[in-house]
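> need coordinates for the below:
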Amino acid sequence: MKSKQKKIFAYLFSIFFITLSWSIFAKIIDSKLILPTPLDVFYTIINLCTKNIFWQNVLVTMGRTFSAFFISIFVGFILGIFCGYSEFFNSFLKIPLAIIRVTPVISVILLILFWFKSGTVPIVTSVLMSLPIMITSIHKGFSKIDNSLLQMAKVFNLTKIQVFKNIVLKSITPFFWNGVLSTFGLSWKVVIASEVLSLPAKSVGTILQKSQLHLEAQEVFAITIIIVCISFIFERLLDFFIKKTFGKNYENGTK
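Take a look at the predicted model:
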């Protein structure tokens, strides 16, 4: 219990330290245009939270994020399985995945803007940037399969489906969930970054871009904090669900 209390105290002290530092720098700079005070941002957050139009934009962005998230999981899982079973397919995907990893997100967004509508660009970009994470996580799970279990499966003449269900799937599951959690965090960032550039009719990214254009620094801060909080809550809920369901097995996948 003491350890838990220390953690809570550390978190609260961290928030206090950040807020205090922010307040000091804001007072030194003394320009709302460059760095608004925490109080100004707080009032802006309250103001935004009372507007239905703001939450409509948030919901649209959340819809794009979850769409990209689930597509990334599904496609990444399938391709990861192929990579695990086929060394040729794994080698074939290595160069494309390496290119995606090192390519700046902004370059990918600008290229996709030529080919897709503004509302679709965030989803496509997020899926593309998240795939390497899911594929690598699934493939890593294959490398941890116990060979003695595979040998035993041969002795007992288990079918490929039985081997996959009882051995392979159990081995890759913790790595799969670890990939899911990493993909979720990335999806938020890429979707909103894509919205800022593609400017779809309704999105948080579009509001951010307009706020920046109108030099509303406190609104940019406020929207960013709200989105970070929403993302953090969903991520913690997902992490709680995974740990509650898989416990130590999930933690093994992170090592």
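> quick check: longest helix of this structure.
Across the chain, the longest stretch assigned as helix under DSSP state H is helix 52-85.
> buried sites along that helix?
54, 57-58, 60-62, 64-69, 71-73, 76-77, 79-84 (16 or more other CB atoms under 10 Å). Where C-beta positions appear, they are placed from N, C-alpha and C, glycine not excepted.
> and the gap between the residue nearest the centre of the chain and residue 63?
Residue closest to the average C-alpha location in the chain (CA atoms, centre = their mean): residue 185, at 1.9 Å. Counting by CB to CB, to the nearest Å, the gap from residue 185 to residue 63 is 18 Å.
> name the SS class of residue 118, please.
Classification of residue 118 using DSSP: H, G, I helix; E, B strand; the rest coil returns coil.
> would you mind confirming that it makes contact with residue 196?
No - judged on CB atoms under 8 Å, residue 118 makes no contact with residue 196 at a distance of 11.2 Å.
> which one's more surrounded, these two?
The residue with more neighbours, out of residue 118 and residue 196, is residue 196; 19 against 16, by other CB atoms under 10 Å.
> which of the helices or strands spans that one?
Here residue 196 sits within helix 169-198, counting by DSSP states H and E.
> which residues touch the helix or strand that comes right after that helix?
Next helix or strand after helix 169-198 toward the C-terminus (DSSP H and E): helix 204-213. For helix 204-213, the external contacting residues (CB atoms under 8 Å, 6 or more residues apart in numbering) are 54, 57-58, 61, 122, 191-200, 219-220, 223-224, 227.
> now do the buried residues in whichever helix or strand comes after helix 204-213.
Reading on from helix 204-213 to the C-terminus, the next helix or strand found by DSSP H and E is helix 217-246. Within helix 217-246, the residues that count as buried by 16+ other CB under 10 Å are 217-223, 225-227, 230-231, 234, 238, 242, 246.
> for the helix holding residue 196, buried residues please.
So for helix 169-198, counting by 16+ other CB under 10 Å, buried means 171-188, 190-198.
> remind me what that helix packs against, helices and strands.
helix 52-85, helix 105-112, helix 121-143, helix 204-213, helix 217-246, helix 248-252 (3 or more CB pairs under 8 Å, 6 or more residues apart in numbering; DSSP states H and E).
> could you give the mean pLDDT of the third one?
Going back to what we said before, that points to helix 121-143. Mean per-residue pLDDT for helix 121-143: 88.
> now swap in the second one and tell me
If you average the pLDDT over helix 105-112, you get 88.
> distance between it and the chain's centre?
With CA atoms, centre = their mean, to the nearest Å as the basis, helix 105-112 stands 18 Å off its chain's centre.
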